[in-house]
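Peer 1: model this:
(one chain, ligands or ions: 2)
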Amino acid sequence: MKQYLSFSEEVLAAKEQGKPIVALESTIISHGMPYPQNVQTAREVEQIVRDHGAVPATIAILDGKIKIGLSDDELEMFGKSSDVAKASRRDLAYLLATKKKGATTVAATMICAELAGIHVFVTGGIGGVHRGAEVSMDISADLEELAQTDVAVICAGAKSILDLKLTMEYLETKGVPVMGYQTDVLPAFYTRTSDIPVNFRADDVETVAATLKTKWDLQLKGGAVIANPIPVEYAMNEKEISTVIESALKEANEKNITGKEVTPFLLGKVKELTDGKSLESNIALVKNNAVVGTQIAVSLHGMK
Ligand code: PSU
Ligand code: MN
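Peer 2: Ligands and ions are numbered 1, 2, ... in the order given. Here you go, the predicted structure:
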């Protein structure tokens with residue numbers, strides 16, 4: 001297994017020195033945001049992690065290796081290239097065996113982070129149960145991963161391109177705790193609230209870290225969702241965003257978009273239809289998640 005892992009110098013040093021490490025995904029860079037904002041955001045998020053006392057490990061697939069930590073040039077390449085595959089659990093082996101480039105989704109990043117001994121992962125939003133999944137059966141592999149891989153995912157909830165209620169039901173069935181950070185309800189990515197209660201509310205990072213430690217002490221396999229609402233000043237108007245999402249979903253339907261293309265298509269449409277306003281919100285919430293996620297990683301590290 002070790003032969004597939006390739007650590008950056010910074011991450012390797014952090015491991016040797018016993019510093020807390022925070023995993024970051026690369027699909028958000030290659031398929032979630034346009035260039036150059038994607039690369040700039042990725043760099044800024046990494047710096048936020050450093051500034052708050054941990055070391056960032058952006059994860060991707062390159063040259064037959066799982067890269068744990070990317071160089072500046074690699075980050076740029078993943079942000080610019082159009083031949084980077086969106087890599088989820090099912091794609092990892094093929095991409096590694098054929099030495100192709102892959103940007104890891106939440107599911108794949110969790111797998112790689114766990115292999116690298118990293119248990120805290122910061123991103124924007126997770127995949128989930130899509131609207132109409134009772135017919136399409138479109139359920140993100142992210143949810144199955146949360147059920148089985150010991151990595152906590154700090155996110156701003158999930159976009160309402162998904163069926164948030166069914167997503168919560170699925171996580172409940174799989175025994176994945178969903179904690180609201182300073183909130184009683186599941187944030188809906190661009191907006192701070194939804195009408196769906198979270199399982200638990202934590203008002204401080206110590207409560208989150210203690211819950212994670214206890215879960216894994218008990219060998220209760222799987223991750224957890226830590227849902228952190230977008231900062232008020234960047235939250236979008238609920239009506240506006242739901243109109244945009246409706247029309248993005250309609251277009252995806254008409255164009256018969258299926259499989260792994262669905263989420264990137266919807267993300268791109270939402271950005272287009274909001275004149276880039278959603279991108280600004282997206283960037284702000286990822287940075288906010290990086291602050292909270294790093295604080296959780298530092299706290300958890302102190303409990304070991
Ligand atoms: N949701 C977002 N931004 C993203 C993604 C989801 O708001 O960038 C990406 C993540 O990498 C997530 C993936 O793991 O999309 C889910 O894709 P799918 O629905 O095909 O499982
Ligand atoms: Mn899907």
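
Peer 1: Just the pLDDT for the residue nearest in space to the middle of the chain.
Peer 2: Central residue of the chain (Cα atoms, centre = their mean): Thr123, 3.4 Å from the mean position. You'll see Thr123 listed with a pLDDT of 98.

Peer 1: Write out the residues of the stretch 151-300 of the chain neighbouring ligand 1.
Peer 2: Lys159, Phe189, Lys260, Thr263, Leu267 (Cβ under 6 Å from any ligand atom). C-betas here are computed from N, CA, C, even on glycine.

Peer 1: try 8 Å
Peer 2: Ala158, Lys159, Ile161, Phe189, Gly259, Lys260, Val262, Thr263, Pro264, Leu267, Asn282 (Cβ under 8 Å from any ligand atom).

Peer 1: If any of those are buried, give me the ChimeraX selection for them.
Peer 2: A single ChimeraX command is used to select the members of these judged buried by 16 or more other Cβ atoms under 10 Å:
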select :158,159,161,189,260,262,263,267,282
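
Peer 1: Can I get the longest strand seen in the chain in PDB, CA atoms only?
Peer 2: Scanning the chain for the longest strand, with DSSP state E as the assignment, gives strand 55-62. The C-alpha trace of strand 55-62 is given here as PDB (Å, rounded to 0.1, in the frame of the first residue of the first chain):
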ATOM      1  CA  VAL A  55      -0.200  21.600   7.800                       C
ATOM      2  CA  PRO A  56      -2.400  21.300   4.700                       C
ATOM      3  CA  ALA A  57      -2.300  18.200   2.500                       C
ATOM      4  CA  THR A  58      -4.100  18.700  -0.800                       C
ATOM      5  CA  ILE A  59      -4.700  15.300  -2.300                       C
ATOM      6  CA  ALA A  60      -4.700  14.200  -5.900                       C
ATOM      7  CA  ILE A  61      -3.600  11.300  -8.200                       C
ATOM      8  CA  LEU A  62      -0.500  11.800 -10.400                       C
END
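
Peer 1: next SSE after it?
Peer 2: strand 65-68 (DSSP states H and E).

Peer 1: just the strands in the chain please.
Peer 2: So, for the chain - with DSSP E - the strands run 5-7, 21-24, 55-62, 65-68, 85-87, 102-104, 120-122, 152-155, 178-181, 200-202, 224-227.

Peer 1: how about Gly127, what does it touch?
Peer 2: Thr105, Val106, Ala107, Ser140, Ala141, Asp142, Leu143, Ala158, Leu162, Thr263 (Cβ atoms under 8 Å, 6 or more residues apart in numbering).
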